[in-house]
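Peer 1: Give me a 3D structure for the following:
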Amino acid sequence: MSVSRQQRVRLGVLLIAMTAFFVLILFRLAQLQIIKAGSYNEIVQRQSGGKVAIPAERGMIYDRHGRLVAKNVNRSSLYAHPESKRELRQVAAYLEGLFSIPSGTASGKYRLEPNRFRWITRHLDDRTAGRVAKEAPRGLYLRSETRREYPFKQVGKQILGFTSIDSEGLSGFELARDSMLAGKSGWADIRRDGLRNTFRVKETALVKPVPGASVVLTVDWHLQEIVEEELREAVIEYNAESGLAAFVDCNSGDILSMAHYDPNEKDPSRPVKLRAISDQFEPGSAFKPFTAACLLDAGLVNYTDTVYCEMGKWRVGRRTLHDDKELGWLTFREIIELSSNIGLGKCAVLAEGEDLLETYHNFGFGRKADCGLPGEISGMLPRLRTVSDYNISALAMGHSVAVNALQMALALAAIANGGELLEPHLMLGTVEDNGYVNRTARRTVISRPVKRSSADSLRSFMRGVVEHGTGKPVNSEFVSIAGKTGTGEIPNLESGGYYKNRFTASFCGFFPADAPVIAGIVVLENPKPITYGGHTSGKAFRKIAERYTVSNPDLFEVTERTYSESPQRLEMTSEVPDLVGRDLIEAQRIAEKRGVKLRCSSAEGTVTWQFPPPDRLMLLEDELLVEVDSSESAAPVMMDLRGLTIRKASAWLNHHGIRFTIDGTGRITKQSVRPGQSLTSTPVCRLTCRSS
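Peer 2: Below you'll find the model as predicted:
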């Protein structure tokens, strides 16, 4: 069959049209995929996703014994990003039902707008987050965030400080070391499907965040807890306006505890400063040991020299110096023990004023200790514009001198350790990726303000203060304490001079007196009606020393207790599980998973008590004590305490109200009440210990 000319024309036109159509499609594809690929790719990226920052996990904080004192907890946060007005209305309606807010107000309350990111609420509780995950309409999303938590609650918060909701340090150590703890944020690529039907945002890391460094503090959180409790009790008992305290390791310079208590503080959970380093006070008679150090070093006095103390009143030029008691002839030692202003003043005028100031400066006064926390002040040493016997005498007993609590603790440590002022350390080191602690704090001697021979004499004098001087109320049958009382007048900063009815009561000292380990100070602002340091702050100091010594006897076996220089690996520790209320079989299974050994009072039953308590860290080779209540046993029985430390054994005995005595130091080798013996009565258990 022949094809007509007209048909050939039609077929040609159709072929040309089809060819042109495909050429046009290919050109358009080339235009989209090659020529304009970059611009369209940007549009696609903008419509289907974007980049968001992924916060880095903040570093953990541990105390010197591995207790976790600041950690991160994952929480879900809710935010809105509606893509249209319809999504916006759905989001607003859902939020009004979720949070029970008036109808029609959610949009304005949360400032909702199409294509705008808005936080709704941060750190939801798990129940609400679970509900949102199931019910939320398009435009509402959950994001996982970390929240800073402090396992010991308020204990040590003045040192640690706190963070913002975005985990930024705002005060204390969290602020001072924010760059170290915070790490570096990463970036994520957000993707959604073409229909935008996803309820969740998939975040794929483009740049992974770098976690912050975990650090170990020099602070002993057990001592910190004791100091805060006793300081609070002292302020309340003696009607003081506030209280300060600081304690350091005499032989390393490590800061073991710092605290303040102010009953009028607005929000103790968000402390803005640590008054133990940010507030200054006039030390009064507590300053006398440093004057005595200058006089002894210069050979101007001997501890057997006698001075007439004028029966309590001494005319110096046109001024009069007073003692609280009518004192006559005293040796230099007795002048310190009985805190005679006149006696020390008469000795001090033998020295040059500049020599005294130089000694005070060498003890660290008048300059910052640089402990590593914000807000620290340097205190003040006066300038002797006119040198007179009265000015020298007043300076010798701490008048016109301003110090903070940490400076006093470090200066006392210099006397306690034989004459070396040590650089203070708050951060012991960092935790490496392999779990080992890299100690960065090194024992550093800043100055030698007093000779060893003079320091030895001063320690003896200060022990005498407690045994038969102004510090008698501080004397303890549990631990030997040496120190110096102080009752200073409070300066009137408005009109000048001093208040006649407002005083600062203090006691500074160290323990044990024969082999000092810890030095510190307790200060009470304006206690009343009793104003003497020995009867107020001194008693608080004694209670702190007693409680810490009784609960940690092993720490005082070595004269120079410093943190081990050898690496300590935190992976060799495990967090103590909460076993109370669990069946013993289940408790053993949990303990085995944690790598923790159990020492039980019975072979079966329910766990009713444990030591250490939950959420603490313990070495894997150590044992967790558990009290097991068996229904078959009518009365508890004695546990096998052999091999335990005194602290653990005493915790179990105190739990049962059993009186006990201790012979020796170290770990328990014998017990007078045999294991398994019924405790129907409360016998006295004699424990025999031996150092390993």
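
Peer 1: quick one, helices of the stretch 101-250 of the chain?
Peer 2: Per DSSP state H, counting those that start in this stretch, the stretch 101-250 of the chain carries helices over the ranges 106-109, 126-135, 157-160, 172-176, 178-182, 221-237.

Peer 1: and those helices, which is most packed in?
Peer 2: Ranked by mean neighbour count under mean count of other Cβ atoms under 10 Å, the helices of the stretch 101-250 of the chain are led by helix 157-160, which reaches a mean of 25. Bear in mind the C-beta positions are built from the backbone N, C-alpha and C, glycine included.

Peer 1: pull the CA atoms of that helix into PDB?
Peer 2: Taking Å, rounded to 0.1, in the frame of the first residue of the first chain, the C-alpha atoms of helix 157-160 are listed here in PDB:
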ATOM      1  CA  LYS A 157      26.800  23.700  95.800                       C
ATOM      2  CA  GLN A 158      28.700  26.800  97.000                       C
ATOM      3  CA  ILE A 159      31.900  25.300  95.500                       C
ATOM      4  CA  LEU A 160      30.300  23.700  92.400                       C
END
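
Peer 1: who touches that helix?
Peer 2: By Cβ atoms under 8 Å, 6 or more residues apart in numbering, the residues outside helix 157-160 that reach it are 61, 69-70, 150, 172-174, 217, 219, 224, 258-260, 268-269, 271, 274-276, 373, 426.

Peer 1: Can I get the buried part of these as one ChimeraX selection?
Peer 2: Here is the ChimeraX command that selects the buried residues among these (16 or more other Cβ atoms under 10 Å):
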select :61,69,70,150,172,173,174,217,219,224,258,259,260,271,274,275,276,373,426
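
Peer 1: Are we agreed that residue 593 is in a helix?
Peer 2: Yes - counting by DSSP: H, G, I helix; E, B strand; the rest coil, residue 593 is found in a helix.

Peer 1: Give me the neighbour count for it.
Peer 2: 10 (other Cβ atoms under 10 Å).

Peer 1: For residue 529, see how far away it is.
Peer 2: 58 Å (Cβ to Cβ, to the nearest Å).

Peer 1: and if you look at residue 402?
Peer 2: Counting by Cβ to Cβ, the separation of residue 402 from residue 529 is 26 Å.

Peer 1: Pull out the buried residues from stretch 507-522.
Peer 2: For stretch 507-522, burial by neighbour count (16+ other Cβ under 10 Å) applies to 507-513, 515-522.

Peer 1: quick one: contacts for residue 230?
Peer 2: Going by Cβ under 8 Å, 6+ apart, the list of residues near residue 230 reads 522, 540, 543-544, 547.

Peer 1: So which of the residues you listed belong to strands?
Peer 2: residue 522 (DSSP state E).

Peer 1: Who wins on neighbours among the contacts of residue 230?
Peer 2: Ranked by neighbours (other Cβ under 10 Å), the contacts of residue 230 are led by residue 522, which has 31 neighbours.

Peer 1: Per-residue pLDDT of that one, please?
Peer 2: At residue 522, the model reports a pLDDT of 97.

Peer 1: so how far is residue 218 from it?
Peer 2: Noted for residue 522: a distance of 20 Å to residue 218, by Cβ to Cβ.

Peer 1: shouldn't residue 330 be in contact with residue 307?
Peer 2: Yes - assessed by Cβ atoms under 8 Å, residue 330 is found in contact with residue 307 at 6.0 Å.

Peer 1: Give me the common contacts of those two.
Peer 2: In contact with both residue 330 and residue 307: residue 343, using Cβ under 8 Å, 6+ apart.

Peer 1: tell me the contacts of the residue nearest to residue 333 when sequence neighbours are not counted?
Peer 2: Among residues not flanking residue 333 along the chain, residue 303 sits closest, at 4.6 Å (Cβ to Cβ, 6 or more residues apart in numbering). For residue 303, the contact set (Cβ under 8 Å, 6+ apart) comprises 296, 331-333, 457, 461.

Peer 1: Quick check on the residue nearest the centre of the chain: phi, psi?
Peer 2: Taking Cα atoms, centre = their mean, the centroid of the chain lies closest to residue 156, which sits 3.8 Å from it. Per-residue torsions, residue 156: phi 80, psi 0 (degrees, to the nearest 10).

Peer 1: Kindly report the same for the one 10 residues further on.
Peer 2: Listed backbone geometry of residue 166 is phi -90, psi 20, with angles given as degrees, to the nearest 10.

Peer 1: and it, how far is that from residue 119?
Peer 2: According to Cβ to Cβ, residue 166 stands 11 Å off from residue 119.

Peer 1: same deal with residue 585?
Peer 2: From residue 585 to residue 119 the distance is 47 Å (Cβ to Cβ).

Peer 1: who's more crowded, the two?
Peer 2: Neighbours per residue (other Cβ under 10 Å) separate residue 585 from residue 119, with residue 119 holding more: 12 against 9.

Peer 1: In this structure the more buried one contacts residue 79, no?
Peer 2: Yes - Residue 119 is within contact range of residue 79, at 5.1 Å (criterion: Cβ under 8 Å).

Peer 1: Please flag which of the buried residues of stretch 507-522 sit within strands.
Peer 2: Judged by DSSP E, the buried residues of stretch 507-522 include 507-511, 518-522 as members of strands.

Peer 1: Residue 453: which of these is nearest?
Peer 2: residue 510 (18.0 Å; Cβ to Cβ).

Peer 1: Okay, and the beta partners of that closest one?
Peer 2: Beta-bridge partners recorded for residue 510 (DSSP bridges): residue 482, residue 519.
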